[in-house]
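In: Dropping the sequence and predicted coords here.
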Amino acid sequence: MTDAAELQRRTAELLAAHPPATTDRLDFLKARFDAGLAWVHYPEGLGGLGAPRSLQVVVDAELEAAGAPDNDPRRNGIGLGMAAPTILKYGTEEQKQRYLRPLWVGEEIWCQLFSEPGAGSDLAALGTRAVREDGGPSRLSEAESGGDWVVNGQKVWTSGAHNSRWAILIARTDPDVPKHAGITYFICDMTDPGVDVRPLRQITGEAEFNEVFLTDVRIPDSRRLGETGDGWRVAQTTLNNERVAIGGMRLPREGGMIGPVSKTWRDRPELRTQDLHQRLLKLWVDSEVARLTAERLRQQLVAGQPGPEGAGMKLAFARLNQEISGLEVELLGEEGLLYDDWTMRRPELVDFTGREAGYRYLRSKGNSIEGGTSEVLLNIVAERVLGLPAEPRTDKDVAWKDLAR
Amino acid sequence: MSAQPDLLYSEEEEALRAAVRDLLADHCDAPGVIARTESDTPHDLAAWKALADGMGLAGLLVPEDRGGQGASHREVAVVLEELGRAVAPVPYLTSAVVATEALLACDADELLAELASGRRIGALAVALNVAPGGAYKVVRHEDGALHGELTAIADARAADVLLVPADDGGLYAVDATDATVTPQVSFDLTRPLATVTLDGARGRLLGDAEAAVHRALRAGAGLLASEQFGLAEWTLTETVRYLKERKQFNRPVGGFQALKHRLAQLWLEVVNLRAAARNAADALATGADADVAVAVAQAYAASVAVHAAEEALQLHAGIGMTWEHPVHLYLKRAKSDSIAYGTAGAHRARLAELVDLQAP
Ligand SMILES: Cc1cc2nc3c(=O)[nH]c(=O)nc-3n(C[C@H](O)[C@H](O)[C@H](O)COP(=O)(O)OP(=O)(O)OC[C@H]3O[C@@H](n4cnc5c(N)ncnc54)[C@H](O)[C@@H]3O)c2cc1C
């Protein structure tokens, strides 16, 4: 069993063999992956040591103290948070060996081709088709690929598609069965012919997300993740990880959005009003309490008894981010009438703290939509945590092709 | 990372919870509590005896060498969660926490040991709505005797000894038999208030009132959050249970999305309150950051407990409006708790000073 002392020893060994000051960033990260110190709970050979997940903090603390580079999780959030756990659970040995290392070190960025114009909250209604074409021409040899799938359809709101090397993709492979049963999960090469990424400019002025048109895109069968027709179950792993990604974070007091507005309040007494004071204090308390709940959740995880609170944390942070940034714009008065920059840009990461209040206000509107809307999350809490009855359904036993659209 | 508070429950705390819950299931069932509120003895002294004498819980905050159990605010918080769940009419918060903390600040070991054993019940003679650091009424100390009237004293009717602040700055112990204790008609029937009138009563000087009262009210406010959490959790659980059973329009009403969303929101508030209350209990136990932790918990707790009880009433609808259904006990306790030991607004104002977010 790998314990904290053993991890400290291995971390020291890594640092001695690859001193951060003199080692290239990517080389260091690769060495870290190979030493099993990337995500210690992953299996040996795949960046981990099969150690308890809770011990990752031990490694991270040592590396941070030594000034080691990190893999900037904000740049590859979808890869690290969603693609990786799904590949780990459903991937073949070859897939795991091929994808996980460049994913973790950040050499290869991932995006998520799930949402479609006609399938958002009702994701299982998706219509992008993947048709099996045995023996068709592919960039891989046929033996390697096991034949091709040909994909046609349109995806939307795809964050980071413009920087991504790979995508996790779900597509319909059988329209004759009920919608959840006819979906298959693929890994899509974003550099393949037929993948057309078009920026979708958003409310903030920049284009963080995209429309992705898929026209006769050939995906070899070796890039299928899980069984044909089992894609909905595979996608559950992705979606569950999406929602817990936020929970385990450890923030100091005033570590979130409440920090900048509290600072402005202290630095600029001339902006203060009684009404804003009351609202600020209430949001300060709410932020502190949400931080404590996240900390409690983390402690539960470490103790090996994960609680259901994770399902609620995304809801809480979405509301807080929106209310706090809204308050901040008002507090700024005349400056609140201005905006930092409307230039259409294609950012590599979502940077809340590097931008001003108006940007934060607009971007945080997405927090209650991306990764499942707050309404849908409330349904999930009500049904899975509280055990309340599910909505009556009219689509369960109907073949996808016969559903009203 | 030792700076992080411990927000979980230990195995011992869970065992304590189970024992208290069992005991309350035997003593404090809802019909019994309702019947008692209309009797001459609103307090359940049998339950008190079982908790205090039987389980030794009155002395949790008192060190062993001073006659107590030498536990901490963390364990007390667990007891209060369960007492909140049962809206138990026992003077635990008032005697085993508030009066006990006042005595811990004084040199009064004999009385402290008596309260710790549960053989005598104490009450701090400060109105229940006073916040830590807030102004409170005192009585006149003249020729060695105490004179004056104090109102809204919680659980005074059950108390054997009253801890009375006087105008000379002292805190005095007065035997309840030497005072006139007159019940007031209280909004919360399970934590009744009374007027204490002293007409030349003899008092024993315990120590400096200001420090003792401040310490007592801070602990009271911080641990009240655990009672509010227990109360809120019970009302949420009970409402979810009821809405799974209750059918209208040929469906369980809990399947209607408008209600599901309300309950999911409430669940999130309750989960947040647990973390805030746990943090306050831990901070009081370790002494680190306690002023901020208590202010945060009390600025958050009242709205959640009241919201939970109000939702429980609305969603139980007609049956919730009856005297027979216990939800009114919870609503009355929750609303009364929202004023006890300072309102949320008072605690927010205190917080503004503590974390340097000054008013305009
Ligand atoms: C900033 C941002 C980034 C995103 N990035 C990605 C990405 O990288 N990849 C990707 O695949 N997708 C991405 N998305 C898409 C996101 O997952 C969807 O927008 C989201 O799931 C909602 O789908 P929709 O927009 O089609 O809304 P709809 O599903 O059409 O919802 C419309 C409204 O109806 C409500 N609603 C729907 N169903 C119910 C119900 N059952 N009960 C109650 N209310 C309901 C919704 O809450 C919403 O208010 C992103 C979105 C945003 C905003």
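Out: Happy to help now that I have it. Numbers count the residues shown, from 1 in each chain, chains lettered A, B, ... in the order given.
In: residue ranges with poor pLDDT in the chain?
Out: Here I'm looking at chain A. A:1, A:134-146, A:243-249 (pLDDT under 70).
In: You answered for a different chain; I wanted chain B.
Out: Looking at chain B by pLDDT under 70, you get B:1-2.
In: mind listing the strands for it?
Out: Along chain B, counting by DSSP state E, strands occupy B:122-124, B:140-142, B:145-154, B:161-165, B:170-175, B:180-183, B:193-202, B:204-208, B:247-248, B:251-252.
In: Deepest in the core, which of these is it.
Out: Among the strands of chain B, judged by mean count of other C-beta atoms under 10 Å in any protein chain shown, the one packed with the most neighbours on average is strand B:122-124 (a mean of 29). Bear in mind the C-beta positions are built from the backbone N, C-alpha and C, glycine included.
In: And for the residue of the stretch 101-250 of chain A found nearest the ligand, the neighbour number?
Out: Across the stretch 101-250 of chain A, the shortest distance to the ligand (C-beta to the nearest ligand atom) belongs to A:Gly120, at 1.7 Å. By other C-beta atoms under 10 Å in any protein chain shown, the residues close to A:Gly120 number 17.
In: got a list of what it touches?
Out: A:Trp157 (C-beta atoms under 8 Å, 6 or more residues apart in numbering or on different chains).
In: Next, the residue nearest to A:Arg223 when sequence neighbours are not counted: phi, psi?
Out: Of all residues not flanking A:Arg223 in the chain, A:Ile187 sits nearest, at 4.3 Å (C-beta to C-beta, 6 or more residues apart in numbering or on different chains). Per-residue torsions, A:Ile187: phi -110, psi 120 (degrees, to the nearest 10).
In: tally of neighbours for the residue of chain B found nearest the ligand?
Out: Using C-beta to the nearest ligand atom, the closest approach of chain B to the ligand is made by B:Gln257 at 6.1 Å. B:Gln257: 14 surrounding residues under other C-beta under 10 Å.
In: That one and A:Leu388 touch, don't they?
Out: No: at 9.6 Å, B:Gln257 does not count as touching A:Leu388 under the criterion of C-beta atoms under 8 Å.
In: that older thread, turn the strands of chain B into JSON lines, columns for distance to A:Pro347.
Out: What follows is the strands of chain B, written out as JSON lines (distance: least, C-beta to C-beta, whole Å):
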{"stretch": "strand B:122-124", "distance to A:Pro347": "59"}
{"stretch": "strand B:140-142", "distance to A:Pro347": "71"}
{"stretch": "strand B:145-154", "distance to A:Pro347": "57"}
{"stretch": "strand B:161-165", "distance to A:Pro347": "62"}
{"stretch": "strand B:170-175", "distance to A:Pro347": "63"}
{"stretch": "strand B:180-183", "distance to A:Pro347": "67"}
{"stretch": "strand B:193-202", "distance to A:Pro347": "60"}
{"stretch": "strand B:204-208", "distance to A:Pro347": "61"}
{"stretch": "strand B:247-248", "distance to A:Pro347": "50"}
{"stretch": "strand B:251-252", "distance to A:Pro347": "46"}
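In: Relative to A:Leu281, which of these is closest?
Out: strand B:145-154 (26.6 Å; C-beta to C-beta).
In: Now do the closest one and strand B:170-175, the angle between them.
Out: Interaxial angle of strand B:145-154 relative to strand B:170-175 (axes from the mean of the first three to the mean of the last three C-alpha atoms, to 10 degrees): 80 degrees.
In: Would you enumerate the residues in contact with the residue nearest to A:Arg223?
Out: Counting by C-beta under 8 Å, 6+ apart, A:Ile187 has contacts A:87, A:95, A:99, A:166-169, A:219, A:223-225.
In: One more: B:Leu189?
Out: So B:Leu189 contacts B:37, B:42, B:89, B:329, B:332 (C-beta under 8 Å, 6+ apart).
In: What about those, which one has the most neighbours?
Out: Within the contacts of B:Leu189, B:Pro89 tops the neighbour count with 28 neighbours, counted by other C-beta under 10 Å.
In: Now A:Gln154, what are its backbone angles?
Out: Here is the backbone geometry of A:Gln154 (degrees, to the nearest 10): phi -130, psi 130.
In: Compute the distance between it and A:Arg224, please.
Out: 21 Å (C-beta to C-beta, to the nearest Å).
In: and those two? which has more neighbours close in?
Out: Remark: of A:Gln154 and A:Arg224, A:Arg224 carries more neighbours, 23 against 16, as counted by other C-beta under 10 Å.
In: Okay, and the beta partners of the closest residue to that one other than its chain neighbours?
Out: Once flanking residues are discounted, A:Arg224 sits nearest to A:Phe186: 5.7 Å by C-beta to C-beta, 6+ apart. Applying DSSP bridges to A:Phe186 gives these bridge partners: A:Leu169, A:Arg224.
In: my read: A:Phe186 touches A:Leu169, true?
Out: Yes: taking C-beta under 8 Å as the definition, A:Phe186 is a contact partner of A:Leu169 at 4.6 Å.
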